[in-house]
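1. turn this into a structure:
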Amino acid sequence: DRDRAMRLLFSATEGANFTYGRVPIGASDYAMDRYSLNENAGDYAMEKFSIERDRKRLIPYIKAALAIKPGLRLWASPWTPPTWMKTGPFTANGVTGWDGGSMKDDPQVLKAHALYLAKFVEEYGKENIAIGTIHPQNEPGYETRYPSCLWTPALMNKFIGTYLGPTFAERGVNAQIYLGTMSNNDSGKDGAIISTVLGDATAMKYVKGCGLQWNMIDSTATCANKGLQVVQSEHKCGNYPWNPGGGLPPFNPDKAQNDYAYGVESWGYIRDWINKGVHVYSAWNMVLDPAGKNLDANRPWPQNALIIVDRATRTMTATAAYYVFRHASQYVDVGAKRIEVSKGDALAFKNPDGTLVAVIHNTATSAKTTTVKIGGKTLQFNVPANGFATVNLP
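-> Below you'll find the model as predicted:
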């Protein structure tokens, strides 16, 4: 089933044909536990930097994906730098140093962190894994009960322009630097980081794109208008503890939302971000168990995944959200251009080879005969109630 899961995710003929992948630098909120790649305080030269832990689980997973999709484009971000690079106060959950805290505004530390990120790219390269892009910090405006780190706009700007960019240039690191991953749209948070960095000529010598997620959809045009590639870097995971309403189901602390309703909800997020102009759209968790819980023990948050593996029953299930992603990802190629849709709940694309793709959602509560006019052709077919269809024309 491991091989089947990988094919479902990355195969162009048997699966979703995903072409981008995100790699955590150290622990994400879905790591087995909290760790970084150098917890040796004061090792500014990164002499004890190590990816040995990644070789046990993460690197084999990446290599299995690359065996199916050799051209997989990989990008990476840390959820937290090494704990000795941060200052408190930290999140009050008994896990000192890892969760929350702020990046130290110290030249020696900032230089060491730039080297830490460069070494990550270099060491993965030795494993024949090319990291194409580095986003300096996951959600720099949020302090959470899992690995995280706060950055001010001024500090992020200084880090990119004075430390990270020059370090990559000096060491010949080929990975590009993206301004990501931005998530918090509160005043003075991630939106301020974007405006500060995009307005600084020194930092912008090194920034080639933006990573936006969750609440930052309205920053898409801001980044795109600077000629930057815009990556939607994390799909919303459903089952929200704060119960946002708007027809969404109430929070369930014991079970992830992997039902059809969440598949339809997922379609809305994909459609809206693509219509805003993002160039890449990313899923979140690919494979989880049915519980779907992360490292936050204080507020367990069961989150969705594209594939669910129930170890008790030894079964694997592709969720509705998986198939919603696949309706587009299997047929829309890298470099495709979005085509305007005149009406209906749909997306349309023209691939670089000239093939046309339309993804249609029937919002009605009954099956519906749908007419699609695309590429000089008119097609009619039935779409099930609240269902989806994909048209792929040569």
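2. which ones are touching the closest residue to Ile339 other than its chain neighbours?
-> For Ile339, ignoring the flanking residues on the chain, the nearest one in space by C-beta to C-beta, 6 or more residues apart in numbering is Ala348 at 4.0 Å. (C-beta placed from N, C-alpha, C; glycine too.) Shown here is Ala348, whose contacts under the criterion C-beta atoms under 8 Å, 6 or more residues apart in numbering are 338-341, 356-359, 374.
3. now do the SS call for Ala348.
-> Following DSSP: H, G, I helix; E, B strand; the rest coil, Ala348 is assigned to strand.
4. model confidence for it, exactly?
-> At Ala348, the model reports a pLDDT of 98.
5. and it, bridged to which residues?
-> Counting by DSSP bridges, Ala348 forms beta bridges with Ile339, Ala358.
6. looking at the contacts of Ala348, which gets the smallest pLDDT?
-> pLDDT across those is lowest for Ile374, at 93.
7. show me the beta-bridge partners of it.
-> Per DSSP bridges, the residues bridged to Ile374 are Lys377.
8. distance check, it against Asn275.
-> Distance check for Ile374 against Asn275: by C-beta to C-beta, to the nearest Å, it reads 17 Å.
9. more crowded one of the two?
-> Neighbour totals were compared for Ile374 and Asn275, and Ile374 leads with 17 against 14 (other C-beta atoms under 10 Å).
10. contacts only, for that one.
-> Counting by C-beta under 8 Å, 6+ apart, Ile374 makes contact with 339, 348, 356, 358, 391, 393.
11. highest neighbour count among the residues you listed?
-> Each of the contacts of Ile374 was scored for neighbours by other C-beta under 10 Å, and Ala358 scores highest at 24 neighbours.
12. distance of that one relative to Lys373?
-> Ala358 sits 10 Å away from Lys373, going by C-beta to C-beta.
13. which of the residues in stretch 164-177 are buried?
-> For stretch 164-177, the buried set under the neighbour-count rule, 16 or more other C-beta atoms under 10 Å, comprises 164-168, 173, 175-177.
14. which residues does Thr317 bridge with?
-> For Thr317, the beta-bridge assignment (DSSP bridges) gives partners Ile308.
15. how far does stretch 343-363 stretch from start to finish?
-> With C-alpha to C-alpha, to the nearest Å as the measure, the first residue of stretch 343-363 is 13 Å from its last.
16. just give me how far that stretch sits from the chain centre.
-> 23 Å (C-alpha atoms, centre = their mean, to the nearest Å).
17. likewise stretch 165-175?
-> Using C-alpha atoms, centre = their mean, the distance from the centre of stretch 165-175 to the centre of the chain it belongs to is 23 Å.
18. for the chain, which spans come out with low pLDDT?
-> 94 (pLDDT under 70).
19. tell me which other helices or strands the longest helix along it touches.
-> Scanning the chain for the longest helix, with DSSP state H as the assignment, gives helix 107-126. Applying 3 or more C-beta pairs under 8 Å, 6 or more residues apart in numbering; DSSP states H and E, we find helix 107-126 packed against strand 20-25, strand 73-78, strand 100-103, strand 131-134, helix 165-171.
20. let's see the last one as CSV, backbone CA atoms only.
-> Extracted C-alpha coordinates of helix 165-171, given in CSV (Å, rounded to 0.1, in the frame of the first residue of the first chain):
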residue,chain,number,x,y,z
GLY,A,165,20.8,36.4,0.2
PRO,A,166,24.6,37.1,0.5
THR,A,167,25.2,33.7,2.1
PHE,A,168,23.5,31.9,-0.7
ALA,A,169,25.4,34.0,-3.2
GLU,A,170,28.8,33.5,-1.6
ARG,A,171,28.3,29.7,-1.3
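21. hey, where'd the helices end up in this protein?
-> Along the chain, the segments classed as helices by DSSP H run 2-10, 58-68, 107-126, 153-158, 165-171, 190-198, 201-204, 220-224, 260-276, 320-329.
22. closest one to Tyr35 among these?
-> Within the helices of the chain, the stretch nearest Tyr35 is helix 58-68; the backing value is 10.9 Å (C-beta to C-beta).
23. distance of the residue nearest to Ile339 relative to Gly263?
-> From Ala348 over to Gly263 the distance is 20 Å, taken as C-beta to C-beta.
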